[in-house]
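Peer 1: everything below, folded, please.
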Amino acid sequence: MNEGRFFLSRFHIHPLFWVLTAIAVATAQFWELAMLFFIIIIHEWGHIFAARRFKWRIRQIFLLPFGGVAEFDEAGSRPQKEELVIVLSGPAQQIWLMALALLLPENSVITEKTTATFLELNAMVLLFNLLPIFPLDGGRLMAILFSYFFPYMKAQKMVIMISLSFLLAYCFILFLFSPFHLNGWLVAAFLGHALWKEWKNRPYHFFRFLIHLEKLPASTRMVKRKTIFVQGEEPLKKVLERFYRGVEHQIVVLENRRIIGTLGGKKLLERFFERKSWDLPIKNVFMG
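Peer 2: Numbering: from 1, shown residues only. Okay, here's the model as predicted:
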């Protein structure tokens, strides 16, 4: 399947976009909407092209009033470098589109006003998508950054809470300066719903992250290694919540300030999936 056919097979238009279309028709702004549609398509194509190069599985692509959202099965379970390239490949499209608009000569179709509108829409899509609100590109960049410094579960919580703070700030500014901006409130509603879903699905994402770590080939060697010291009575769930992305873990089990054994992170995960008990004391897993 070529790139174009694949893109169309995963492409869905969110109902909010049809609301925007109706508003654009009613206010005689259909030409601006057509340009926005083109810009968003190119933006999402950048994400998809990069994801396909890394052989990521793409679930679906939603077109929204402010941009698009591409959903991947691998998010959170593949190397951060791959995810960084995929996330940046969307905003990168706005750079060459704006450069092209400035270089094209004016004619009967591409007037100075058309160019100005095209540049404005590109800048709007670029800047809005870089806001630190998940699932915007800025929120995804924040998630990648936090995953280097914090355990996966903690980074996930922090991203959602910071995203919520910025979303509330966005709503406050919108209320102060443009309280009747329908499109702005529709976008806020979508982002709020997306954050609620992300919070609700945290256990699922965490479990998928652990499955990925457990299924890594034995020959895989991580660049970073981390030793985790735990007490023997500590529940397995609390230990696993201290696991990082892209890190090889070594678990040191203590009892009465004395080391009673060590266990590799992959081996610990293998034993967890055999027993599937979150509350089991780590020393019981170690002894098993």
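Peer 1: if I look at the residue nearest in space to the middle of the chain, how far off is Gly232?
Peer 2: Against the mean C-alpha coordinate of the chain, by Cα atoms, centre = their mean, the closest residue is Arg140 at 3.9 Å. Separation of Arg140 from Gly232 (Cβ to Cβ, to the nearest Å): 38 Å. Using the backbone N, CA and C atoms, a C-beta is placed for each residue, glycine as well.
Peer 1: Ile251 is in contact with Leu263, correct?
Peer 2: Yes - look at Leu263 against Ile251 with Cβ atoms under 8 Å: they come within range, at 4.6 Å.
Peer 1: out of the two, which sits in the busier spot?
Peer 2: Comparing Leu263 with Ile251 by other Cβ atoms under 10 Å, the one with more neighbours is Ile251, at 23 against 19.
Peer 1: which residues touch that one?
Peer 2: Contacts for Ile251 (Cβ atoms under 8 Å, 6 or more residues apart in numbering) come out as 227-228, 230, 239, 262-265, 268, 282, 286.
Peer 1: and it, that one's in a strand?
Peer 2: Yes - assessed by DSSP: H, G, I helix; E, B strand; the rest coil, Ile251 belongs to a strand.
Peer 1: check it and give its pLDDT.
Peer 2: Per-residue pLDDT puts Ile251 at 91.
Peer 1: roughly how far apart are it and Pro203?
Peer 2: From Ile251 to Pro203 the distance is 22 Å (Cβ to Cβ).
Peer 1: from the chain's centre, how far out does stretch 279-288 sit?
Peer 2: Centroid separation between stretch 279-288 and its chain, computed with Cα atoms, centre = their mean, to the nearest Å, is 34 Å.
Peer 1: report the buried residues of it.
Peer 2: Within stretch 279-288, the residues that count as buried by 16 or more other Cβ atoms under 10 Å are 280-283, 285-286.
Peer 1: how about TSV for those residues, with secondary structure and distance to Lys154 added?
Peer 2: As requested, these are exported to TSV (DSSP: H, G, I helix; E, B strand; the rest coil; distance: Cβ to Cβ, whole Å):
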residue	secondary structure	distance to Lys154
Leu280	coil	22
Pro281	strand	22
Ile282	helix	19
Lys283	helix	24
Val285	helix	22
Phe286	helix	23
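Peer 1: reformat these as CSV; add pLDDT and distance to Leu136.
Peer 2: Output for these, formatted as CSV (pLDDT from 0 to 100; distance: Cβ to Cβ, whole Å):
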residue, pLDDT, distance to Leu136
Leu280, 83, 39
Pro281, 85, 41
Ile282, 86, 38
Lys283, 80, 43
Val285, 75, 39
Phe286, 68, 42
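Peer 1: okay, those residues in a markdown table with distance to Pro79 next?
Peer 2: Shown next, in a markdown table, are these (distance: Cβ to Cβ, whole Å):
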| residue | distance to Pro79 |
| --- | --- |
| Leu280 | 30 |
| Pro281 | 33 |
| Ile282 | 28 |
| Lys283 | 33 |
| Val285 | 28 |
| Phe286 | 29 |
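Peer 1: just the residues you listed now: which is nearest Phe273?
Peer 2: Of all the buried residues of stretch 279-288, Phe273 sits closest to Val285, with 11.0 Å by Cβ to Cβ.
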